[in-house]
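Chemist: here is my input, please return the structure:
(chains A, B, C and D)
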2 protein chains.
Amino acid sequence: MTTRPRSTAGAGPARGRRRSSHSLDAVLDATVQLLDEAGGAALTFRSLAARLRTGVGTIYWYVASKEELLDRATDHALGPVLEAIDAVPEGEDPIDDLRRMAIVLFDAIVERPWLSAYFMRSMEIQVTSLRLYERLGRPTLRMDLTPRQRFHAVSAVTGFAVGTAADLGQEPPEAMLDDGADRDELLHRYADRWRALDADDYPFVHDIVDEFDGHDDVDQFRAGLELILAGLRLEAAG
Amino acid sequence: MTTRPRSTAGAGPARGRRRSSHSLDAVLDATVQLLDEAGGAALTFRSLAARLRTGVGTIYWYVASKEELLDRATDHALGPVLEAIDAVPEGEDPIDDLRRMAIVLFDAIVERPWLSAYFMRSMEIQVTSLRLYERLGRPTLRMDLTPRQRFHAVSAVTGFAVGTAADLGQEPPEAMLDDGADRDELLHRYADRWRALDADDYPFVHDIVDEFDGHDDVDQFRAGLELILAGLRLEAAG
DNA sequence: TATGTTGATCGAACATTGTTCGATAAGCTT
DNA sequence: AAGCTTATCGAACAATGTTCGATCAACATA
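Modeler: A predicted model of the protein is given here:
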């Protein structure tokens, strides 16, 4: 019978009785490293095996498929995020607490865009993301809301944070590598293209193009978050 | 020199001088069909070629890569959505109009989850998604807001709609095929697992688990949308 | 009509990927 | 020593995106 080794979560080195030069944690660490360094496209079983100085077959002993590898790596990388959110002190206003937590979550995903793809999925399966959901939801327990309102509000906040961060994480097409243009330069190009459109056909786009040009993604997220929170505050007051 | 045929957008059959048994539109139609029938995983150049009764090389004559194929197919499928949003009549309250449009957009993406992946990306490149953005933004022109507030609000609404729909689009793991469990059954299983957690460690999860069990995705989205719109209304009133 | 040019088609071949599987060693129990 | 479990390894397989040269069909020009 071929069982997988029990997750040596937090235990000493080589917790299993048999000595193992590798471990699930080592595999996950290397996975996160590769993901961080070169993005999702660079993560292959062969590159991972090379980094671990082992064969591809070994990785398949710890993990049944690439899907499971990414699921577990996501959960693995979510650990520190959970700690950071736990570190948010309970303040006077529950909405302030919720805001702080949402920003921590958003920042973490922006830094590691590959998290978003498996975050939602893992919420219902893995442990860490469910705990994150729990922490995000706790402030709402101090508010005068129905369970249904709480469920919808917290889902909206997390969904908005993850969804927005996911969009930002998509790397732009080929235009960047052609010449050495950074994000601001790209934004500026798109903005100019928008400005060239007919003002009668695109009144809204013209109205906001100066804001789009050179805008800060974090500001944009915060503004949207404020809308949700303002709506929530209203709901709790009513 | 090998040029690509000018997009025969709306023109008669075989607009190019040379007769072509296929066309970019035909390729895009078949792509959307395959995507609808069997999801993103089923779309391969070979299956697409088989459906079109042609060779893979032919597809590469119309499209430079799979990325471009999906970009164009997304834009192609967004056409009817744009029409549906254009069909929303201008009403008394701009926020009501924005709500209606957002729901149309959300419904369209839920029906075709593969749209979400390239929607945001194509917003800055392709035509149709920019037009959608324009339409979504127009109601805000009738409100007392700064361009910056409009930009943030419309970005939040579209981001929330696309992001939420994208999450819903992810097909659940293997649990569905093991036994013939539908969505409600799956939800129920997860809910039961949540109920089994320690109530002291997971007070929020326990508070909302009955709402999670059997919840409707559309309701959830609408509730979140209402929060954003309520916040926006407040902003415009202040 | 003959010839060359361009638009368009086709599928074999290549590189890369996820995954399987049998061989094999290393530790542990008896 | 024998046997079982744990773990490692890489060759081999199937599927996929992509390239490329061969080839044909329509048109222009002479």
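
Chemist: and chain A, what are its domains?
Modeler: Per automatic domain parsing, the structural domains of chain A span A:20-63, A:78-238.

Chemist: centre of the chain to the shortest one, how far?
Modeler: In terms of CA atoms, centre = their mean, to the nearest Å, the gap separating the centre of domain A:20-63 from the centre of its chain is 20 Å.

Chemist: ok, is that domain in contact with DNA strand C or not?
Modeler: Yes - applying CB under 7 Å from any atom of the strand, one finds domain A:20-63 in contact with DNA strand C at A:L43, A:T44, A:F45, A:R46, A:S47, A:V56, A:G57, A:Y60. From N, CA and C alone the C-beta is placed, and that goes for glycine too.

Chemist: looking at the domains of chain A, which is closest to B:D167?
Modeler: Closest to B:D167 of those is domain A:78-238 (CB to CB; 4.4 Å).

Chemist: what about the closest one, start to end distance?
Modeler: By CA to CA, to the nearest Å, the extent of domain A:78-238 from end to end equals 36 Å.

Chemist: any residue of it touching DNA strand D?
Modeler: No - Domain A:78-238 is not in contact with DNA strand D by CB under 7 Å from any atom of the strand; minimum separation 11.4 Å.

Chemist: which SSE is whichever residue of chain A sits closest to chain B in?
Modeler: Nearest residue of chain A to chain B (CB to the nearest CB) works out as A:G163 at 1.7 Å. Secondary structure from DSSP states H and E places A:G163 in helix A:147-169.

Chemist: how far does that helix sit from its chain's centre?
Modeler: Using CA atoms, centre = their mean, the offset of helix A:147-169 from its chain centre is 11 Å.

Chemist: same thing with stretch A:202-221?
Modeler: How far stretch A:202-221 lies from its chain's middle: 23 Å, per CA atoms, centre = their mean.

Chemist: then that stretch to CSV, C-alphas only?
Modeler: The C-alpha trace of stretch A:202-221 is given here as CSV (Å, rounded to 0.1, in the frame of the first residue of the first chain):
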residue,chain,number,x,y,z
TYR,A,202,-17.2,57.7,-25.5
PRO,A,203,-18.2,60.4,-23.1
PHE,A,204,-17.6,58.4,-20.0
VAL,A,205,-14.2,57.2,-21.1
HIS,A,206,-13.2,60.7,-21.8
ASP,A,207,-14.4,61.8,-18.5
ILE,A,208,-12.3,59.4,-16.5
VAL,A,209,-9.2,59.0,-18.8
ASP,A,210,-7.1,61.4,-16.8
GLU,A,211,-7.8,59.3,-13.7
PHE,A,212,-7.1,56.1,-15.5
ASP,A,213,-3.7,57.5,-16.7
GLY,A,214,-1.2,56.9,-13.9
HIS,A,215,-3.7,55.6,-11.4
ASP,A,216,-2.7,53.5,-8.5
ASP,A,217,-4.1,50.0,-8.2
VAL,A,218,-4.2,50.1,-4.5
ASP,A,219,-6.1,53.3,-4.4
GLN,A,220,-8.6,51.9,-6.8
PHE,A,221,-9.1,48.9,-4.6
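
Chemist: let's test this: name the helix or strand in chain A with the lowest mean pLDDT.
Modeler: Ranking every helix and strand in chain A by mean pLDDT, DSSP states H and E puts helix A:175-178 at the bottom, with a mean of 58.

Chemist: buried residues, the helix or strand following that one. List them.
Modeler: Using DSSP H and E, the helix or strand that follows helix A:175-178 towards the C-terminus is helix A:183-195. Using 16 or more other CB atoms under 10 Å in any protein chain shown as the test for burial, helix A:183-195 gives A:L187, A:Y190, A:A191, A:W194.

Chemist: and helix A:183-195, what does it pack against?
Modeler: Applying 3 or more CB pairs under 8 Å, 6 or more residues apart in numbering or on different chains; DSSP states H and E, we find helix A:183-195 packed against helix A:175-178, helix A:203-212.

Chemist: what is the helix or strand containing A:I59 packed up against?
Modeler: In the assignment (DSSP H and E), A:I59 maps to helix A:56-62. Counting contacts by 3+ CB pairs under 8 Å, 6+ apart, helix A:56-62 is packed against helix A:24-38, helix A:45-52.

Chemist: try 10 Å
Modeler: In terms of contacts (3 or more CB pairs under 10 Å, 6 or more residues apart in numbering or on different chains; DSSP states H and E), helix A:56-62 is packed against helix A:24-38, helix A:45-52, helix A:66-86.

Chemist: and those helices as TSV, adding mean pLDDT and distance to A:A102?
Modeler: Conversion of the helices and strands packed on helix A:56-62 to TSV gives the following (pLDDT from 0 to 100; distance: least, CB to CB, whole Å):
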stretch	mean pLDDT	distance to A:A102
helix A:24-38	96	23
helix A:45-52	97	32
helix A:66-86	96	9
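
Chemist: A:A236: which of those is closest?
Modeler: helix A:66-86 (21.5 Å).

Chemist: give me the buried positions along whichever helix or strand comes after that closest one.
Modeler: On the C-terminal side of helix A:66-86, the nearest following helix or strand under DSSP H and E is helix A:94-111. By neighbour count with 16+ other CB under 10 Å, helix A:94-111 contains the buried residues A:94-95, A:97-110.

Chemist: neighbours of A:F45, how many?
Modeler: By other CB atoms under 10 Å in any protein chain shown, the residues close to A:F45 number 16.

Chemist: distance of the nearest residue to it once chain neighbours are set aside relative to DNA strand D?
Modeler: Excluding the flanking residues, the one nearest A:F45 by CB to CB, 6 or more residues apart in numbering or on different chains is A:V56, at 4.7 Å. The gap separating A:V56 from DNA strand D is 5 Å, by CB to the nearest atom of the strand, to the nearest Å.

Chemist: for stretch A:49-63, measure first residue to last.
Modeler: End-to-end distance (CA to CA), stretch A:49-63: 13 Å.

Chemist: picking that back up, and the angle for the helix holding A:G163 with helix B:203-212?
Modeler: Between helix A:147-169 and helix B:203-212, the angle comes out at 100 degrees (axes from the mean of the first three to the mean of the last three CA atoms, to 10 degrees).

Chemist: then stretch A:86-105 to CSV, C-alphas only?
Modeler: Extracted in CSV, the C-alpha atoms of stretch A:86-105 (Å, rounded to 0.1, in the frame of the first residue of the first chain):
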residue,chain,number,x,y,z
ASP,A,86,-4.6,37.6,13.2
ALA,A,87,-2.2,40.4,14.2
VAL,A,88,-4.8,43.0,13.4
PRO,A,89,-6.0,44.2,16.8
GLU,A,90,-9.6,44.4,17.7
GLY,A,91,-10.6,48.1,17.6
GLU,A,92,-13.6,50.2,18.4
ASP,A,93,-15.3,50.0,15.0
PRO,A,94,-15.8,46.5,13.5
ILE,A,95,-15.8,48.0,10.1
ASP,A,96,-12.4,49.5,10.6
ASP,A,97,-11.2,46.0,11.6
LEU,A,98,-12.7,44.5,8.5
ARG,A,99,-11.2,47.2,6.3
ARG,A,100,-7.7,46.5,7.7
MET,A,101,-8.0,42.8,7.2
ALA,A,102,-9.3,43.2,3.7
ILE,A,103,-6.3,45.4,2.8
VAL,A,104,-3.9,42.9,4.3
LEU,A,105,-5.5,40.2,2.2
